[in-house]
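Trainee: just to be clear, the model below is a prediction. Sequence and coordinates:
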Amino acid sequence: MSQGTNFVDYVKISCKSGNGGPGSAYLHRDKKTSMGGPAGGDGARGGHVIVRGNAQLWTLLHLKFKKHVFAGDGGAGGATMKSGKMGRDEILEVPLGTVAKDAETGEVLFEITEDGEEQIIMKGGKGGLGNSHFKSATHQTPRYAQPGLPGSEGWKILELKVLADVGLVGFPNAGKSTLLSVITAAKPEIGDYPFTTIVPNLGIVSYRGHQSFIMADIPGIIEGASDGKGLGFRFLRHIERNAVLLFMVPADTPRTIKEEYEILLSELTAYNPELLQKPKIIAITKTDLLDNELQKEMKKQLPKNIPSIFISSLANKGLMDLKDMLWKTINQ
């Protein structure tokens, strides 16, 4: 499948939990007892719709065409105090970093962050009580039982926010995909045209002593992205779950490095001001085109309060120093 079709980070699903089973109004009868007391069992609860984290998944593609989800109804209570069969739970497996929302109100219900973590997105109806619960000294033969409560139904949204240690932030053609392909085993699409990357790509960066961290290549941002231009803010949400932001500015930018960094920062701030609190590093890319004198001049343009480094993915220049800087920042 092409890059644009096998990554899905948003699905809207109609969920219906199971109805609770009715309780039984059975009165005990056998060959030795003609007028026994109440012996009706309880109805079982209806099935839940459950969201479960799966570390092996990285996309919501498998749920893209699953528009309706139905859990099973609970079984009715039986004779001789037998409870009904529990309703079948419907389980939706999702990648880590998935946020569940109510489609009508937009309320965030929960977020899945651990492998195997389970959260109920739609609770099954409660089973009804059998007639044995209603026996009393003055009413010894109740001939009624509770009906089960109906399940819930509604539209829910599952939205994936990529979990990574480092997020690559930059304009199109800043060299983000090239860097990811050089220092990880990821194979993102690389081209000399804007918006080569149209979905996030993840890669594992090997570090000294068999250690590693995760790097995410976020699709290129353009000026006005927070207002919906270019790819808009559809992929800006993935930056929210990155521990460190690596701003990538090419050495051949028509602006100054400081101007380009400030434009990128303003787009992130317009989307979510809390992103300003994340640790930031500036990487000046494509520096194989620079001589030492030009590099010294460019250093004067850099923001003073942000760590920076000159790198070249093609020439393998400064990449180990970049890894050291990222590792130190991640673990601070």
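Mentor: Nice, thanks for sending it over. Numbering: from 1, shown residues only.

Trainee: gap between the nearest residue to Lys66 once chain neighbours are set aside and Lys156?
Mentor: Leaving aside its sequence neighbours, Lys66 sits nearest to Ile13 (C-beta to C-beta, 6 or more residues apart in numbering; 6.4 Å). Placement of C-beta: from N, CA and C, glycine included. Using C-beta to C-beta, to the nearest Å, Ile13 is found at 6 Å from Lys156.

Trainee: so Ser83 sits right up against Asp42, yeah?
Mentor: Yes - between Ser83 and Asp42 a contact is recorded at 4.9 Å, counting by C-beta atoms under 8 Å.

Trainee: what does the stretch of helix or strand the residue nearest to Lys66 belongs to contact?
Mentor: Secondary structure assignment for Ile13, by DSSP states H and E: strand 10-16. Applying C-beta atoms under 8 Å, 6 or more residues apart in numbering, the external contacts of strand 10-16 come out as 49, 60, 63-64, 66-71, 90, 92, 103, 121-122, 151-160.

Trainee: now, those that are in strands?
Mentor: Secondary structure assignment by DSSP state E places 49, 68-70, 90, 92, 121-122, 153-160 of the contacts of strand 10-16 in strands.

Trainee: hey, what's the residue nearest the centre of the chain bridged with?
Mentor: Of all residues in the chain, the one closest to the mean position by C-alpha atoms, centre = their mean is Thr98, 2.0 Å from it. Beta-bridge partners recorded for Thr98 (DSSP bridges): Ile112, Leu160.

Trainee: next one: His68
Mentor: What pairs with His68, by the bridge criterion (DSSP bridges), is Ser14.

Trainee: which ones are touching it?
Mentor: His68 neighbours (C-beta under 8 Å, 6+ apart): Ile13, Ser14, Lys16.

Trainee: that one and Phe213, how far apart?
Mentor: From His68 to Phe213 the distance is 39 Å (C-beta to C-beta).

Trainee: ok, the helix or strand hosting Ser206: who's next to it in the sheet?
Mentor: Ser206 belongs to strand 201-207 when elements are defined using DSSP H and E. According to DSSP bridges, strand 201-207 forms sheet pairs with strand 211-217 (antiparallel).

Trainee: the partner strand: which residues count as buried?
Mentor: Neighbour counts over strand 211-217 (16 or more other C-beta atoms under 10 Å) mark Phe213, Ile214, Met215, Ala216, Asp217 as buried.

Trainee: now do the contacts for the first one.
Mentor: Okay, so that is Phe213. Going by C-beta under 8 Å, 6+ apart, Phe213 touches Asp165, Val166, Ile204, Val205, Tyr207, Leu326, Trp327, Ile330.

Trainee: got the residue ranges for the strands in the stretch 151-300 of the chain?
Mentor: Under the criterion DSSP state E, counting those that start in this stretch, the stretch 151-300 of the chain carries strands at the ranges 153-160, 164-169, 201-207, 211-217, 242-250, 280-285.

Trainee: make TSV from these and add distance to Glu293 and mean pLDDT to it.
Mentor: Converted to TSV, the strands of the stretch 151-300 of the chain look like this (distance: least, C-beta to C-beta, whole Å; pLDDT from 0 to 100):
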stretch	distance to Glu293	mean pLDDT
strand 153-160	46	93
strand 164-169	28	86
strand 201-207	32	83
strand 211-217	32	86
strand 242-250	19	89
strand 280-285	15	91
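
Trainee: what residues are up against Gly41?
Mentor: Contacts of Gly41 by C-beta under 8 Å, 6+ apart are 23-24, 26, 77-84, 130, 132.

Trainee: which of the three states applies to it?
Mentor: Following DSSP: H, G, I helix; E, B strand; the rest coil, Gly41 is assigned to coil.

Trainee: please tell me how far it sits from Glu107.
Mentor: Separation of Gly41 from Glu107 (C-beta to C-beta) stands at 37 Å.

Trainee: same check on Pro200?
Mentor: 25 Å.

Trainee: higher neighbour count, the two?
Mentor: Remark: of Pro200 and Glu107, Pro200 carries more neighbours, 23 against 9, as counted by other C-beta atoms under 10 Å.

Trainee: quick check: that one touching Pro219?
Mentor: Yes - Pro200 is within contact range of Pro219, at 6.8 Å (criterion: C-beta under 8 Å).

Trainee: what about this protein, any weak spots by pLDDT?
Mentor: Residue ranges of the chain with pLDDT under 70: 1-7, 186-199, 220, 222-235.

Trainee: could you find the closest non-adjacent residue to Trp327?
Mentor: Closest to Trp327 by C-beta to C-beta, 6+ apart is Tyr207, at 5.6 Å.

Trainee: longest helix in this protein, please.
Mentor: Scanning the chain for the helix with the most residues, using DSSP state H, yields helix 257-271.

Trainee: run the angle between that one and strand 164-169 for me.
Mentor: 120 degrees (axes from the mean of the first three to the mean of the last three C-alpha atoms, to 10 degrees).

Trainee: what are the buried residues along helix 257-271?
Mentor: Buried-residue list, helix 257-271, by 16+ other C-beta under 10 Å: Ile257, Lys258, Glu260, Tyr261, Ile263, Leu264, Leu265, Glu267, Leu268, Tyr271.
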